[in-house]
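*Asks:* Below: sequence and its predicted model.
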Amino acid sequence: MRTLRGLAAAVAAAAMAVTFAACSGGGSSSGIGAGQGAPTGPKEKGGTVTMAWIAAAPNFIFPLAPATNTDGYNVNLTQPMWPYLVYNGDGGQAAVNPQESLYSSMTWSAGDKTITIVLKPWKWSDGTPITSRDFTFVYNMLKADYQNWINYLPGQFPADVTSVSAPNSRTVVINLDRSYNPDFYAEDVLGYVPLLPQHAWDKTSMTGKVGNYDETTAGAKAVYAFLQKEGGDMSAFTTNPLWSVTDGPWKLASFNSDGDYSYVPNPHYSGPDKPSLAKWVNTAYTTDTAELDALRAGGSLDVGTLPLNDVQQVGILKSSGYSVASQPLPGVAAITPNFYNAQVGPILRQLYVRQAMEELIDRPQIVAKAYAGYADPGNGPVPVQAFSHWASPLEKSGGPYKYDPARAVSLLKAHGWKVVPGGTSTCQSPGTGAADCGAGITAGQGLSFQLLYSSGTAAMDQQEAAIQSSEEQAGIRFALKSEPFNTLVGQFGVCTASSHPVSGCAWQLVDEGYIPYNLYPAGSSLFNTGGVNNNGGYSSPEEDNLVNATEYGSSTQAFYQYEDYTAQQLPWLWLPLESNVWVYKSNLGGFAPLNPISGGLNPEVWYYAK
Amino acid sequence: MTGYLLRRVGQAVVVVIGLLIVIFIMIHLVPGSIARSVLGVRATPGRISLFNSTYGLNEPLYRQFLTYLGQLAHGNFGISYQLQQPVSTLIAQRVPKDIVLVGLSTVLALVIALPMGIYQAVHRDRIGDHLLTGASFTLYSMPDFFFAFLLIAAFSVQLHIFPPEAPSASSLGGLLADPRALVLPVVTLALVSLASFSRYMRSSAIEVLAQDYIRVARAKGLPRRLVLSRHVLRNSVLPVVTMVGLSFPSIIAGAVIAEEVFNYPGMGLLMYQAATSHDIPILLGCTLVIGVATVVGSLAADIAYAVIDPRVRYGRG
């Protein structure tokens, strides 16, 4: 048997070391680090924090949102009221927060197929104890209709659960249909499952009585459908009695559909971090420019984000009473090659071509110039700043492919390409021999590709232009085309050997921004065969085995093996990942340091200093 | 007049339905999967299938259109894919904002442009005319976002006289209750549209000033003020009335740049975001409302003609 707490402590210690390293090493002359230390004045009870969000408008309050509702800001709205069973993010660390999590212990047994969870003796805001029945209520609803849950991933919770039992009011036993890596399951699965108040929500109409309807499949579906219907009625978010029963530190005080909403403390919150603030106001801005104007004008905003294009404003903001802190993002940024594009798929399937492309991307320069120093270097699939504890020594040392144009040119020449720097290199030696271009590549075929990328930020424009320019050193031509994110993702689909050719497979290279990780930076869905975000169709039995080992195995070395292999095989071309830069009132304590997972969303630990 | 109005309304219905058909087809000609566009990185085959069946996107196109017309007949504009709200609610929330912002700026621009145009016509080719022409051309050629930034930098960041954001209230009363916050966005839009109104007014007034009846009025000894207000203004305002009528749909359609800069989510931003994310119900709903506004604006201009100019009468034919 192993417990999660021990692992969490180890992870936390490692994360702390990384956060320090990232902060001390990061940055530019403007001197943004993880944030200043706590304000020196005595802690003041009360006060209001007004926090800005860009283009953020939550539209759903029931924490189990439907599968077709992709508004990521709904989590921002609901998590302060109904936190997840496993609370991800602890102070400045990308780690499980044992204090704010709803369980006191999580024990794995039966070859990591059974989880025994003991809940803390906490209470709902109406004074009713939180019990194991609240977990089975959630489980019953999801089990009845998990296809209509936004967090459902094929084959995982609750589809992988064979049974759930509640031996007593505080204990839940979950039996799974296979062994899992406890880190993965706790952080990426149970870290996204909330507890919900069965005693108040187990009903099928507003006027109906609370019962045990969820105990039958039909009843559970009816309850789920009722709650999802009510959860979308924005006019009643603050008045519907359902949503007044919370177990998080906050209760909703006001809401409008433009994205402005506020909270007041839940006076019955059982956790250790009881809010010190009297009110937490979230306000939406149409653009980061409008938000920056509000910050510079002073007065109305206490917390906001700073676009990287405007880091030169840091001095002005500091002189206006703000502090600035950076927050590494938990994700992977990359260019996805379409291995099954009709024209260039055979070229992109050659590892040496991808190696040459990667070695022509000057990632440190992009970090310095396009991102003003505030970006993860992008050495492989795991961001070293956000997840130092999961980043392998290879990634920490710069990854397998450092910027080396000469080596890129040599690689191409060694495989039968006539390299034309500044022009278009062409295949001179078609064939499948060691010195030939490779299968499916014809004589005279050029290294010319279209690179689609997500528009809207100057940093992305600069990054793609830098890549385009440096690739030309080896005669690799990238024709750039930018599109708004939603337009972009609408144009490309998952392309595989079996699906090709289909209408959504005309794209060649795409940079859609970044794919976020949960707390455990697993590669499933990204690099495994058939993964839902494996758009380019990369497929390797070795990769699949390594990914599976990180999720279903118990070896602690499995993660590094997966990570290094993935970094070397280049299913995607690795790119830097920009960090968030936050601006906050200098007398606001507890805001920094920010962790990559929940940083900026745990105002229960914020306070004003006198 | 009644017969004329009925004919115009009938034409309007045909125009709006035609517009809907064209927009419906054009939206569906845009390459890319609607479900993928909306679901983004969460697009799994299961979710795509659920999305398509939820919104009827797996039906033939003609059936989707007929379903939409059926919904419209019941006052249902559909549900936004992205925002998950009834489109009618979204439009009802946004239109008052744009009526206040663009409407006020249009009124302000007219209040300045009409006397300014007449002044320039009367003082044609003198220093005052040249100065005002230079000023209005400068404002006209200045991108509105740039002008907005200048105003914010001066009056919000430096002088702290006006806030950099428009009012955040969603009701008409709430918006008007915060007049300070309306100053910068209204002035921005008014000044950049000042030139077109004033230039039309100037050239029209120059023509009117050369008419015989103006000479007669002057020869009769009518004071200059009365000549200008009773004869010149009334007779030269007709082209501007046409322009105002044509600008009515833009009052409804909003001003996407000003909405972005001044943090004022109106119809312009709603449509822009819908266009980039394949949010068909919003695009169709907005097109319908703006199409109706165009017809109403044009009709209102025609009626205004009749009111201003007694010679204009609408009868048969």
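*Replies:* Arrived safely, thanks for sending.

*Asks:* okay, now residue 160: neighbour count?
*Replies:* Because you didn't say which chain, this covers chain A. 17 (other C-beta atoms under 10 Å in any protein chain shown). For glycine as for every other residue, the C-beta is placed from the backbone atoms N, C-alpha and C.

*Asks:* my bad, chain B
*Replies:* Neighbours of B:H160 (other C-beta under 10 Å): 11.

*Asks:* Which of the three states applies to it?
*Replies:* Here B:H160 is recorded as coil under DSSP: H, G, I helix; E, B strand; the rest coil.

*Asks:* Report whether the helix or strand containing B:V111 contacts chain A.
*Replies:* Here B:V111, judged by DSSP states H and E, is contained in helix B:87-122. Yes: with C-beta under 8 Å from any C-beta of the partner chain as the criterion, chain A is reached by helix B:87-122 at B:T89, B:L90, B:Q93.

*Asks:* where does the chain have low pLDDT?
*Replies:* Using chain A. By pLDDT under 70, the weakly predicted segments of chain A are A:1-38, A:499-503.

*Asks:* please go with chain B instead
*Replies:* For chain B (pLDDT under 70), the answer is B:1, B:312-317.

*Asks:* nearest spatial neighbour of the residue most central in space within it, skipping sequence neighbours?
*Replies:* Chain B has B:S250 as the residue nearest its centroid, 1.5 Å off, counting by C-alpha atoms, centre = their mean. In space, and not counting its chain neighbours, B:S250 is closest to B:V102: 6.4 Å by C-beta to C-beta, 6 or more residues apart in numbering or on different chains.

*Asks:* Wait, the one you found touches B:I257, no?
*Replies:* No: with contacts counted by C-beta atoms under 8 Å, B:V102 stays clear of B:I257, the gap being 11.9 Å.

*Asks:* quick one: which of these two has more around it?
*Replies:* B:V102 (28 against 20).

*Asks:* Look up how far chain A lies from the more buried one.
*Replies:* The span separating B:V102 from chain A equals 16 Å under the rule C-beta to the nearest C-beta, to the nearest Å.

*Asks:* Enumerate every residue touching that residue.
*Replies:* B:L189, B:S250, B:I251, B:G254, B:A255 (C-beta atoms under 8 Å, 6 or more residues apart in numbering or on different chains).

*Asks:* repeat for A:W124
*Replies:* A:I130, A:P197, A:H199, A:A200, A:V245, A:T246, A:D247, A:H268.

*Asks:* with those residues in mind, which one is nearest to chain B?
*Replies:* Of all these, A:T246 has the smallest distance to chain B: 22.0 Å, by C-beta to the nearest C-beta.

*Asks:* And for the closest one, nearest residue in space, chain neighbours not counted?
*Replies:* That would be A:M81: by C-beta to C-beta, 6+ apart, it lies 4.0 Å from A:T246.

*Asks:* what's the burial count for the residue in the stretch 1-150 of chain B that chain A sits nearest to?
*Replies:* Across the stretch 1-150 of chain B, the shortest distance to chain A (C-beta to the nearest C-beta) belongs to B:S37, at 2.9 Å. The number of residues packed near B:S37 is 24, by other C-beta under 10 Å.

*Asks:* Is it in contact with B:S277, as I believe?
*Replies:* Yes: using C-beta under 8 Å, B:S37 is in contact with B:S277, at 5.7 Å.

*Asks:* Between those two, which contacts overlap?
*Replies:* In contact with both B:S37 and B:S277: A:N486, A:T487, A:G490, using C-beta under 8 Å, 6+ apart.

*Asks:* Near A:G373, how many other residues are there?
*Replies:* So A:G373, with other C-beta under 10 Å, has 18 neighbours.

*Asks:* wait, it sits on A:V367?
*Replies:* Yes: look at A:G373 against A:V367 with C-beta under 8 Å: they come within range, at 6.4 Å.

*Asks:* Now stretch A:409-416: buried residues?
*Replies:* By neighbour count on 16 or more other C-beta atoms under 10 Å in any protein chain shown, the buried set for stretch A:409-416 is A:V409, A:L411, A:L412, A:K413, A:H415, A:G416.

*Asks:* which parts of the helix or strand containing B:L284 are buried?
*Replies:* According to DSSP H and E, B:L284 maps onto helix B:280-308. For helix B:280-308, the buried set under the neighbour-count rule, 16+ other C-beta under 10 Å, comprises B:280-299, B:301-305.

*Asks:* now do stretch A:319-338
*Replies:* A:320, A:322-338.

*Asks:* same question, stretch B:210-227
*Replies:* B:I214, B:A217, B:V227.

*Asks:* what do you get for stretch B:23-39?
*Replies:* B:I23, B:F24, B:I27, B:G32, B:S33, B:I34, B:A35, B:R36, B:S37, B:V38, B:L39.

*Asks:* will you turn these into a markdown table that also has secondary structure?
*Replies:* As requested, the buried residues of stretch B:23-39 are exported to a markdown table (three-state DSSP):
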| residue | secondary structure |
| --- | --- |
| B:I23 | helix |
| B:F24 | helix |
| B:I27 | helix |
| B:G32 | coil |
| B:S33 | coil |
| B:I34 | helix |
| B:A35 | helix |
| B:R36 | helix |
| B:S37 | helix |
| B:V38 | helix |
| B:L39 | helix |
